[in-house]
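Asks: When you get a sec, could you give me coordinates for this:
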Amino acid sequence: MADTSQLAQHQEPVDRAKLMHVFDLTAIWLTIIKRWKTLLSIVVIGVFISGAYVFFTSPVYRTNIGFVPPTEHDIQNLVLYDIGVNTHTPSEIFAFYKTKLADTNLQDSYLTSWVTDVFGKQATVSYVNTTGEGRQRKTGDWSVRKTITWKITTESQPAGKFRYGSNLLRVSTIKDPENYDVLQLQVDWRDPVQSTRIASHYAKFVNQHLANELVNNLQTGLNNSIANIRSNINFQRHVATVARENQILILEEAARTAQSLGYIEPVDHPANNTLIQITPPEQFFLKPKLSGDPPQLLRQRRYFPMYQVGSVTRSGGITTQGSTSPLYFRGKKALVAEANTLRLRVNDDPYIPELATLLEQLSWLESVEIKREGLQTIGHYETPYPNSDPVHPNITVSLAVGILFGILLGLMTILGREAYAGRERSPL
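Replies: Next up is the predicted model:
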């Protein structure tokens, strides 16, 4: 027991001495001077790795375009308030443009045509992934930033084909939830001229696509309004035709009645008649001791086709219909002549009160022309120019990171080796 205690007391000063030796700045400095070649070698390796990363990584050039909402003048061709067609405000159209600009299918459609024009038929576009900021779980929308990465594959790759990321294209849409008027398009690509062209042409492509969609919807609404009015006109004409045919039947029936009574010519003193119908309550027409079933009437309603029914008034359950004399008082000759005249009529339009107004509305709507030219779903924006400075990789930052990483790794290496060597030299 005594030997163990003495050994512990002897080892404690040795460990403290080793710890003080490790954190002694003077000893650290002397160690660095002593092993400076090792430190320098590791720093050179770090710089070499950074240089290799810069060399083998494709430079990325960024193009930014900022958009503003359209004005009333920009969307004037879409404003058709007077014809009953749904229209949109500039704010609503700008919201549509935001959605279209970040649409994956729309980007795929544009990029497919773009790579065909630039690289030929051998070029293909494939989706990689979607990243961003402010993703909403319920809707899946990105409220701040949405970045879609595409891979451009070509058989005849240009001079950067061995560089990492040379075939990756990133299209980002940036919004500000607190500022509705903020919308930015960001395109990252290996060629500054092509990056600028993609951003500018894609903005116009989305504008044209949305403009066509809005115009088509507006034209559909206009066509529906025209179809509704035409349908109403046809209905009014059909009603007039049916009414004329019914009137012919009534006149022919009255003519037969007049003939049976011997009224060939009009009667000299026709009397004015008033039809009075007294309608008792429904219980008056029910069968006795009938309960639980729907009311069952005991008589049918009667009509008086021989009279020209006039105004109808109701008071205290009594219905009064003012009418002229019976039609057969006109005489058979007049009734037959009137029925033949109605039968020979080829156009009922002058006898339809609402038809003139409907025809005016139809003529006006058919004259409306929705113009597609010059329609802007976004406000004026400044045309971007190619950026000569790549945003990635940053040579200065990459070399600085390589040097710093080399220094830290070198210090850890030489201090670790020195501590390990000192531990082997120290006695137990």
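
Asks: In which helix or strand does the most centrally placed residue in the chain reside?
Replies: With distances taken as CA atoms, centre = their mean, the residue of the chain nearest its centroid is F96 (5.2 Å). Under the criterion of DSSP states H and E, F96 resides in helix 90-101.

Asks: If you count contacts, what does that helix end up packed against?
Replies: strand 168-176, strand 179-189, helix 192-261 (3 or more CB pairs under 8 Å, 6 or more residues apart in numbering; DSSP states H and E). For the C-beta atoms, the positions are set from N, CA and C on the backbone; glycine is no exception.

Asks: Let me know the angle separating whichever helix or strand comes after that helix from helix 192-261.
Replies: Counting by DSSP H and E, the next helix or strand C-terminal to helix 90-101 is helix 104-119. Helix 104-119 and helix 192-261 meet at an angle of 130 degrees, taking axes from the mean of the first three to the mean of the last three CA atoms, to 10 degrees as the criterion.

Asks: Using PDB, write out the CA atom coordinates for helix 104-119.
Replies: Provided in PDB are the C-alpha atoms of helix 104-119 (Å, rounded to 0.1, in the frame of the first residue of the first chain):
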ATOM      1  CA  THR A 104     -41.200  23.100 -62.600                       C
ATOM      2  CA  ASN A 105     -43.100  22.000 -65.700                       C
ATOM      3  CA  LEU A 106     -42.900  25.500 -67.200                       C
ATOM      4  CA  GLN A 107     -39.100  25.600 -66.700                       C
ATOM      5  CA  ASP A 108     -38.800  22.200 -68.200                       C
ATOM      6  CA  SER A 109     -40.700  23.200 -71.200                       C
ATOM      7  CA  TYR A 110     -38.600  26.300 -71.800                       C
ATOM      8  CA  LEU A 111     -35.200  24.700 -71.000                       C
ATOM      9  CA  THR A 112     -35.900  21.800 -73.400                       C
ATOM     10  CA  SER A 113     -36.400  24.200 -76.300                       C
ATOM     11  CA  TRP A 114     -33.400  26.300 -75.100                       C
ATOM     12  CA  VAL A 115     -30.900  23.400 -75.100                       C
ATOM     13  CA  THR A 116     -32.100  22.300 -78.500                       C
ATOM     14  CA  ASP A 117     -31.400  25.700 -79.900                       C
ATOM     15  CA  VAL A 118     -28.000  25.900 -78.200                       C
ATOM     16  CA  PHE A 119     -26.600  22.400 -78.200                       C
END
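
Asks: what angle sits between it and strand 168-176?
Replies: Interaxial angle, helix 104-119 versus strand 168-176 (the same axes, to 10 degrees): 140 degrees.

Asks: Quick check: mean pLDDT of stretch 40-48?
Replies: Taken as a whole, stretch 40-48 has a mean pLDDT of 82.

Asks: what sits up against it?
Replies: Residues external to stretch 40-48 that are found in contact with it (CB atoms under 8 Å, 6 or more residues apart in numbering): L399, G402, I403, L404, F405, G406, I407, L409, G410, T413.

Asks: try it again with 10 Å
Replies: Stretch 40-48 has contacts (CB atoms under 10 Å, 6 or more residues apart in numbering) with 35, 398-414.
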